[in-house]
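Visitor: Provided below are the primary sequence and the corresponding predicted coordinates.
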Amino acid sequence: MPDRERCFIAERNRSASRAITRTAHLLETRQDDRVLHDHRARTADTGSPQRGRWNAIRLSPALALLVLTQACFGPHYNQLKCGVGDSCPSGYTCRNGSCESGPADDAATGDASIDAAIDAPADQLCAGTFVRICVKPPTSPMTLMTQPLNTVTSNLCVPYVATPPVDACVIAAVSITIPAGNKVSVIGSKRLILLSASSLTISGTLDAASHRGGSAGPAGDSGPCSTSSTNPTAAGQGGGGWGGSFGSPGGNGGSTAGGGIGGIAPPALAITALGGGCSGGNGANVGGTTGGTGGRGGGAVALLANQQLLVDGAIDASGAGGNSGKLGSGGGGGGGAGGMIVIEAPVVRISGICFANGGGGGEGGDASRDGNSGGEPAAPGVAAPGGSGASAPAGDGGNGSFAAAGATTGQNGSGTGGGGGGGGGAGILKIISADLQNSGAVSPPPSQATSTRAETDRERMGSGQRP
């Protein structure tokens, strides 16, 4: 008989419990004489009564009921554990470590917040697991209209405590919105972290990318970046620079007919902290400054919300295109690697675009003209093209990484042409949520941390079990 049914019967038939109690007392009464005899004998021998046996017998009714209770109470209800930040699916609330049906006792909605104040002082607002940020609780919502935002000088940045430590501009509010039609362009040597006590909505554009000819995105080139690259060489013409490596390796640079060797991209490192993408290598010079400079790596941005995070606009943290080789047969510069985007909230809805792609490598120059610089990422599913078309003998630049496609190698130059720069590697996209719906376009493929509760819930729904 299943445990639940046995417990139900036991609960409904209390008379059986009373019968068990009476039987236990009867057995105790029948043994009273023997117990009393043993008690007196031991007292006479040792001068102290054997209380252990006497108490054990006197407790026998309670023990009988305890055994019954244990047998009936052993719950086998497959309760689902709470997820990241005590989060549960819609309609469930985290109580004592398990998701239970119904709204929270002190909440107006069924969506549990990330409960950012766990292990934090009562006067702080905290959020995040990949990087945990604690600030003084904000008191008002924030709307970010079209504007440049420098993470070093902005007066929107507030004091914070981070685990692990990170150098960032933290902007915190009760809610944060970038409305449709608005673009926030972020630069500066510090990472950008947006922290909302409730909802965070990106309907406009959050531009944390690096751009050729402009500034790097927030903490662009901060990596960590491998130092095991091989620089290009020149022999009559310059070899192309290697593409930056971050979430994936960049492409190698192209070589030349005269013996110039293209640069070799470093491997991608294991990235465990919030950081920007890595720059591409410079093309080799031929008797001067003819090599193109590498593109900068994409910026680093983390979006943290304690209730829900909605993206129906665009988030871009891509790398910049490499600059072209110059007149005099210089090698093209490598494209910059994409940066990092972290999205974390109990509920995440993405219907827009998020991407951190690599920039295109620059085309090599030849004896009489400059090459064309590498392109920059324009959308998640499109490669940033390598520079091409300016010089027939010069090598074209490699394409930047996008989606699941890796960066490509710069082409070799012929005649007087320099080698093309390699394309930039992919960045990193992390989505951490117990309730994710992604109908938008994202690149590279995100690494997603889903709570154990959500995984278990899906498995049980698929097998027909009740959650």
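Guide: Happy to help now that I have it.

Visitor: for residue 300, phi and psi?
Guide: Backbone torsions of residue 300, given as degrees, to the nearest 10, read phi -120, psi 120.

Visitor: contacts only, for it.
Guide: Going by CB atoms under 8 Å, 6 or more residues apart in numbering, residue 300 touches 191-192, 208, 217-220, 222, 274-276, 317, 339-340. Backbone N, C-alpha and C define where each C-beta goes, glycine included.

Visitor: so what's the residue count around residue 173?
Guide: Neighbours of residue 173 under the rule other CB atoms under 10 Å: 23.

Visitor: run through the bridge partners of the closest residue to it other than its chain neighbours.
Guide: Excluding the flanking residues, the one nearest residue 173 by CB to CB, 6 or more residues apart in numbering is residue 142, at 3.6 Å. With DSSP bridges applied, residue 142 shows beta-bridge pairing to residue 176.

Visitor: which pLDDT value belongs to residue 142?
Guide: On the pLDDT scale, residue 142 is placed at 98.

Visitor: ok, it - how many residues close by?
Guide: A count of nearby residues for residue 142, using other CB under 10 Å, gives 17.

Visitor: relative to residue 315, how far out is it?
Guide: 17 Å (CB to CB, to the nearest Å).

Visitor: likewise for residue 261?
Guide: Using CB to CB, we find residue 261 at a distance of 38 Å from residue 315.

Visitor: just the closest of the contacts of residue 300 to residue 234, please.
Guide: Closest approach to residue 234 among the contacts of residue 300 (CB to CB): residue 220, at 27.5 Å.

Visitor: report the contact partners of that closest one.
Guide: Contact analysis of residue 220 by CB under 8 Å, 6+ apart lists 210, 276, 277, 279, 296, 297, 298, 299, 300, 336, 339.

Visitor: then residue 250?
Guide: The neighbours of residue 250, taking CB under 8 Å, 6+ apart as the test, are 242-244, 265-266, 278, 280, 334-335, 337, 358, 401, 407, 422-425.

Visitor: how much space separates it from residue 174?
Guide: Using CB to CB, residue 250 is found at 41 Å from residue 174.

Visitor: sorry, back to before: residue 233: which of the contacts of residue 300 is nearest?
Guide: Using CB to CB, these come closest to residue 233 at residue 220, 27.1 Å.

Visitor: can you pull the pLDDT of the closest one?
Guide: With respect to pLDDT, residue 220 has a value of 98.

Visitor: count of neighbours near residue 365?
Guide: Neighbours of residue 365 under the rule other CB under 10 Å: 34.

Visitor: do residue 437 as well
Guide: Quick note: residue 437 (other CB under 10 Å) scores 11 neighbours.

Visitor: quick check, residue 279 in contact with residue 294.
Guide: Yes: in terms of CB atoms under 8 Å, residue 279 counts as a neighbour of residue 294; the distance is 5.0 Å.

Visitor: that older thread, mind putting the contacts of residue 220 in CSV, secondary structure included?
Guide: Shown next, in CSV, are the contacts of residue 220 (DSSP: H, G, I helix; E, B strand; the rest coil):
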residue, secondary structure
210, coil
276, coil
277, coil
279, coil
296, coil
297, coil
298, coil
299, coil
300, strand
336, coil
339, coil
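
Visitor: just the buried ones from the residues you listed?
Guide: Among these, those classed as buried by 16 or more other CB atoms under 10 Å are 210, 276, 277, 279, 296, 297, 298, 299, 300, 336, 339.

Visitor: return the residues in contact with the first one.
Guide: Right, residue 210. Counted by CB under 8 Å, 6+ apart, residue 210 has contacts 216-217, 220, 277, 295-299, 318-320, 336, 339, 359.

Visitor: and it, what pLDDT?
Guide: pLDDT recorded at residue 210 is 98.

Visitor: spatially nearest residue to residue 399 (excluding sequence neighbours)?
Guide: In space, residue 399 is closest to residue 383, 4.2 Å off (CB to CB, 6+ apart).

Visitor: tell me, how many residues neighbour the one you found?
Guide: 23.

Visitor: same deal with residue 148?
Guide: By the criterion of other CB under 10 Å, residue 148 has 13 neighbours.

Visitor: which helices and strands sit right next to the helix or strand containing it?
Guide: Residue 148 is part of strand 147-150 when elements are defined by DSSP states H and E. Packing partners of strand 147-150 (3 or more CB pairs under 8 Å, 6 or more residues apart in numbering; DSSP states H and E): strand 183-187.

Visitor: quick one: end-to-end distance for stretch 228-236.
Guide: Distance across stretch 228-236, first residue to last, is 26 Å (CA to CA, to the nearest Å).

Visitor: equivalent analysis for stretch 180-199, please.
Guide: The first residue of stretch 180-199 is 16 Å away from its last residue (CA to CA).

Visitor: buried ones in the strand holding residue 148?
Guide: For strand 147-150, the neighbour count (16+ other CB under 10 Å) marks 149, 150 as buried.

Visitor: who does that strand pair with, and is each partner parallel or antiparallel?
Guide: By DSSP bridges, strand 147-150 pairs with strand 183-187 (parallel).

Visitor: which residues does the strand it pairs with contact?
Guide: Taking contacts as CB under 8 Å, 6+ apart, the residues outside strand 183-187 that touch it are 144, 146-151, 178, 192, 204-208, 215-218, 299, 301.

Visitor: roughly how far does residue 241 sit from residue 362?
Guide: From residue 241 to residue 362 the distance is 8 Å (CB to CB).

Visitor: tally of neighbours for residue 272?
Guide: Residues near residue 272, counting by other CB under 10 Å, number 9.

Visitor: torsion angles phi and psi at it?
Guide: phi -120, psi 0.

Visitor: right, and residue 298 touches residue 338 too?
Guide: Yes: assessed by CB under 8 Å, residue 298 is found in contact with residue 338 at 4.5 Å.

Visitor: between the two, what contacts are shared?
Guide: With contacts taken as CB under 8 Å, 6+ apart, residue 298 and residue 338 have 246, 277, 317, 318, 319, 356, 427 as neighbours in common.
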